[in-house]
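J.: structure, please.
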Amino acid sequence: MASLAMGLAACSGSPTHPKQPAASATLLSLTCSDSVGQQGRSGETVVGGVEGLVLPGSDDPAGLYPMRAAGGRRYYIYKAFLAVSPAAAPFATVSIIRPAGARLVYGSSSRIGALVSAHTAQALIAASRTKVRLPVCGSRFTGFVGGIVVAGPACVTFEVSSPSAPAATVSVPIGPGKCAVGLSRT
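T.: The predicted model follows:
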């Protein structure tokens, strides 16, 4: 699953906060038709019922794919695929706690592919949100493609919550960002 992974990181020299549309603070709620299907657990760390947030090598800048948005801002994409456990039924919600400018963008593989393939990152930035709800769609892990938009290489803190599991937080370095990767349950 790590080879399918997708996450987004943004930077342009010194970190700046990207201008986000007002709608970016809303929840992005996916459906089962947005998933890439069911799969077994791949052995990655599961945080609050979601696998794929903690990936070895997420701090390696070689894994970042650059894109540009309006005004010449540079954004980077880091691959990080998320899969929600059936134990989190009916859904798990992944939220960005910090940094303040960080956002999530997830959707069907065709939608994310179109956003990533676009000439600029503008549509991808506009599609980003601070929270994404991932539905459980069967008796195995349900997979989703997408990623994280940040103002630069950073330590990103996520909270994962579900009606069926205790909430958990985890901090993960994206790009050459530094942080102590840690998991806590609330």
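J.: C-alpha from now on. contacts and neighbour counts both.
T.: Fine.
J.: so what pLDDT did S161 get?
T.: According to the prediction, S161 has pLDDT 96.
J.: show me what it is bridged to.
T.: When assigned by DSSP bridges, S161 has beta-bridge partners T93.
J.: show the contacting residues for it.
T.: Listed by Cα atoms under 8 Å, 6 or more residues apart in numbering, the contact set of S161 reads 48, 92-94, 167-168.
J.: try 10 Å this time
T.: 47-50, 88, 91-95, 133, 167-169, 185-186 (Cα atoms under 10 Å, 6 or more residues apart in numbering).
J.: measure it to S109 for me?
T.: S161 sits 24 Å away from S109, going by Cα to Cα, to the nearest Å.
J.: next: A100.
T.: 27 Å.
J.: same thing with A154?
T.: 25 Å.
J.: among the two, which residue is more densely surrounded?
T.: Neighbours were counted for A154 and for S109 using other Cα atoms under 10 Å; A154 has more, 24 against 15.
J.: and the residue positioned nearest the centre of the chain, what are its bridge partners?
T.: By Cα atoms, centre = their mean, the chain has its centre lying nearest to G147, at 3.4 Å. As for beta bridges, G147 partners with V105 under DSSP bridges.
J.: quick one: least confident helix or strand in this protein?
T.: Here the helix or strand of the chain ranked lowest by mean pLDDT, DSSP states H and E is strand 6-10, holding a mean of 34.
J.: tell me the helix or strand right after it.
T.: Downstream of strand 6-10, the next assigned helix or strand under DSSP states H and E is strand 27-29.
J.: and for this structure, the residue most distant from the center?
T.: G71 (24.1 Å).
J.: so that one, which state does it fall into?
T.: Reducing the assignment at G71 to three states with DSSP: H, G, I helix; E, B strand; the rest coil gives helix.
J.: and it, what's its pLDDT?
T.: With respect to pLDDT, G71 scores 80.
J.: OK, contacts around it?
T.: Q122.
J.: roughly how far apart are it and A127?
T.: 18 Å.
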